[in-house]
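> build me a model:
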Amino acid sequence: MHENSGDSRAGGDDCRGGRGALRHQYAQAASETRAQDAADTFAALVSQIENNTFGGKIFGGTGDLRAEECTFVTYTVRLKNRGFFPAEWISMELLEPAEGDVLALPDDSRHALPAGSMGDMQLTVLRRTDAQTGAARVLRVTCYVFGRKIVFDVAAADA
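Sure, this is the predicted structure:
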């Protein structure tokens with residue numbers, strides 16, 4: 001979780017059941033990195049898949065992965081905690097993978113957002129480069145505020 005001080009942007013939806021404490025401000029346009037430009041990360045992922053030690057979510061099509069045919073797509077969502085308690089165990093997942101999505105990188109961090117603060121949450125997906133781009137995506141954000149589970153969806157688009 002990358003914390004930020006103030007941001008003058010308005011918008012976002014209150015999360016249901018959360019009494020408006022945690023809300024998303026906006027989802028930035030996805031950023032893309034060619035897998036061959038992140039060769040070490042790509043090679044580590046392929047090795048983890050081959051060794052059955054990959055900790056992320058596999059959507060399919062992991063056979064015959066080549067760096068020159070894949071792209072890492074990172075989605076960033078700005079969150080704001082307007083409540084009096086910290087939002088803890090914040091996670092984000094892709095609800096419906098699009099054609100060509102191979103996997104979502106693991107995120108084993110314990111993300112938290114202190115009361116009255118903002119921060120960015122990221123999710124990175126490995127996609128085959130020849131896959132359709134510009135698809136609308138739905139990201140599900142889950143967290144706990146004072147022991148209460150809060151879940152809400154955020155719309156995001158590819159670059």
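> what ranges do the strands span in the chain?
Secondary structure of the chain (DSSP state E): strands located at 2-4, 22-27, 31-34, 57-58, 70-81, 87-94, 101-104, 111-113, 118-128, 136-145, 148-157.
> could I get those strands as a markdown table with mean neighbour count?
For glycine as for every other residue, the C-beta is placed from the backbone atoms N, C-alpha and C. Converted to a markdown table, the strands of the chain look like this (neighbours: other Cβ atoms under 10 Å):
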| stretch | mean neighbour count |
| --- | --- |
| strand 2-4 | 12 |
| strand 22-27 | 20 |
| strand 31-34 | 14 |
| strand 57-58 | 14 |
| strand 70-81 | 22 |
| strand 87-94 | 18 |
| strand 101-104 | 22 |
| strand 111-113 | 19 |
| strand 118-128 | 21 |
| strand 136-145 | 18 |
| strand 148-157 | 16 |
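> what's the closest of these to residue 42?
Closest approach to residue 42 among the strands of the chain is made by strand 70-81 (6.9 Å; Cβ to Cβ).
> what mean pLDDT does that closest one have?
Strand 70-81 comes out with an average pLDDT of 91.
> and it, C-alpha only, in PDB?
Only the C-alpha atoms of strand 70-81 are listed here, as PDB (Å, rounded to 0.1, in the frame of the first residue of the first chain):
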ATOM      1  CA  CYS A  70       3.500 -11.300 -22.800                       C
ATOM      2  CA  THR A  71       2.800  -8.000 -21.000                       C
ATOM      3  CA  PHE A  72       2.500  -7.100 -17.400                       C
ATOM      4  CA  VAL A  73      -0.600  -4.900 -16.800                       C
ATOM      5  CA  THR A  74      -0.700  -3.100 -13.400                       C
ATOM      6  CA  TYR A  75      -4.000  -1.600 -12.200                       C
ATOM      7  CA  THR A  76      -3.800   1.100  -9.500                       C
ATOM      8  CA  VAL A  77      -6.800   2.100  -7.300                       C
ATOM      9  CA  ARG A  78      -6.600   5.100  -4.900                       C
ATOM     10  CA  LEU A  79      -8.400   4.400  -1.700                       C
ATOM     11  CA  LYS A  80      -9.500   6.800   1.100                       C
ATOM     12  CA  ASN A  81     -10.300   5.800   4.600                       C
END
